[in-house]
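> okay, here's the prediction I keep looking at, along with the sequence it came from:
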Amino acid sequence: MQVRFRFNPTMNKKIEVENPLMFKPIQLEDAEIVWDIDINKKIKDITIVFKGVDIIKDSSGAILTTNRELDEKAFKIAAYISNKIFLGTGIDGFNPENILYNSPSIFPENEKEKEIIEKGRKQGFNIVKGTVTIVKPFELEGLEEDIKHSKAIAFYAEARRTEGSIQKYELLYKVIEYFFPNKTGEALDKAVSDYCKQYDPTYGDKKFMESFRKLRNRCIHPDNKHHVNLEDLASIREVIDMVPKIENLVELLLKNHL
């Protein structure tokens with residue numbers, strides 16, 4: 001069967017091509033890349049197509065629309081295309097993480113597969129990604145007092161603006177470092193834990209606190225053998241999972257001001 005991953009330009013980003021006729025399907029590693037260009041010469045979407053994929057079912061008999069190996073290949077190619085477009089145009093118009101949030105489409109390549117896919121139940125995934133924004137009137141409460149922590153607030157605001165999960169995680173960790181200057185390693189873990197556990201016992205777990213620092217080190221040190229590689233889907237997913245947890249910690253610090 002064919003497995004097709006599709007990703008679109010990010011909101012309000014327009015990527016124009018000079019000659020749409022040149023954008024025929026190309027081969028990148030073992031995937032075919034299909035370009036959808038609209039009448040205004042703008043890229044509507046890009047499809048990453050894997051052919052000859054075996055139909056695999058889970059224990060319940062449902063057809064799996066993808067697997068870890070395909071996910072990783074698709075993410076690497078999406079990241080590569082996104083980077084090439086950015087370097088070639090100056091427009092950072094694609095976020096490869098988008099392919100992680102919707103199950104790819106599957107299509108039969110022969111009559112036997114057509115019968116299996118049409119009759120079978122599919123097991124895919126769909127994850128809602130985004131930020132819930134509560135619109136409310138701006139208030140002056142805390143404005144005068146909070147300016148003493150303007151640097152931490154700047155890190156947090158930039159993290160909220162940033163789309164990339166790794167960059168978001170690093171910016172959020174900077175807020176922790178801001179509130180605990182001159183602390184590193186296990187001493188930092190302990191200082192954060194001792195302060196935060198008075199508000200939430202979750203932060204009294206040493207291993208939990210340590211996990212924030214160790215993941216951050218993997219993000220910023222390329223010589224770390226477990227470095228969070230921008231092409232490594234497994235580590236990207238690990239960061240995505242940790243972002244809400246570190247954001248909760250940062251919000252606790254900002255709320256209580258130390």
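Arrived safely, thanks for sending.

> going by C-alpha atoms from here, please, whenever you check contacts or count neighbours.
OK.

> okay, now the unreliable bits of this structure?
123-144, 258 (pLDDT under 70).

> between the two ends of stretch 34-44, how far is it?
11 Å (CA to CA, to the nearest Å).

> buried residues in that stretch?
For stretch 34-44, burial by neighbour count (16 or more other CA atoms under 10 Å) applies to 34, 35, 36, 37, 41, 42, 43, 44.

> narrow those to those in strands?
34, 35, 36, 37, 43, 44 (DSSP state E).

> now do the strands in the stretch 151-258 of the chain.
Shown for the stretch 151-258 of the chain, no strands are assigned by DSSP state E, counting those that start in this stretch.

> next up, the contacts around residue 20.
37, 41 (CA atoms under 8 Å, 6 or more residues apart in numbering).

> list the contacts of the residue nearest to residue 35 when sequence neighbours are not counted.
Excluding its sequence neighbours, the residue lying closest to residue 35 (CA to CA, 6 or more residues apart in numbering) is residue 46, at 4.9 Å. Contacts for residue 46 (CA under 8 Å, 6+ apart) come out as 6, 7, 8, 33, 34, 35, 36.

> over to residue 74?
5, 48, 99.

> element containing it?
Assessed by DSSP states H and E, residue 74 sits inside helix 68-89.

> list the buried residues in that helix.
70-83, 85.

> so the residue nearest to residue 35, which of the three states?
Reduced to three states with DSSP: H, G, I helix; E, B strand; the rest coil, the structure at residue 46 is strand.

> what distance do you get for it to residue 12?
Taking CA to CA, one finds residue 46 at 16 Å from residue 12.

> can you check residue 149 too?
In terms of CA to CA, residue 149 sits 33 Å off from residue 12.
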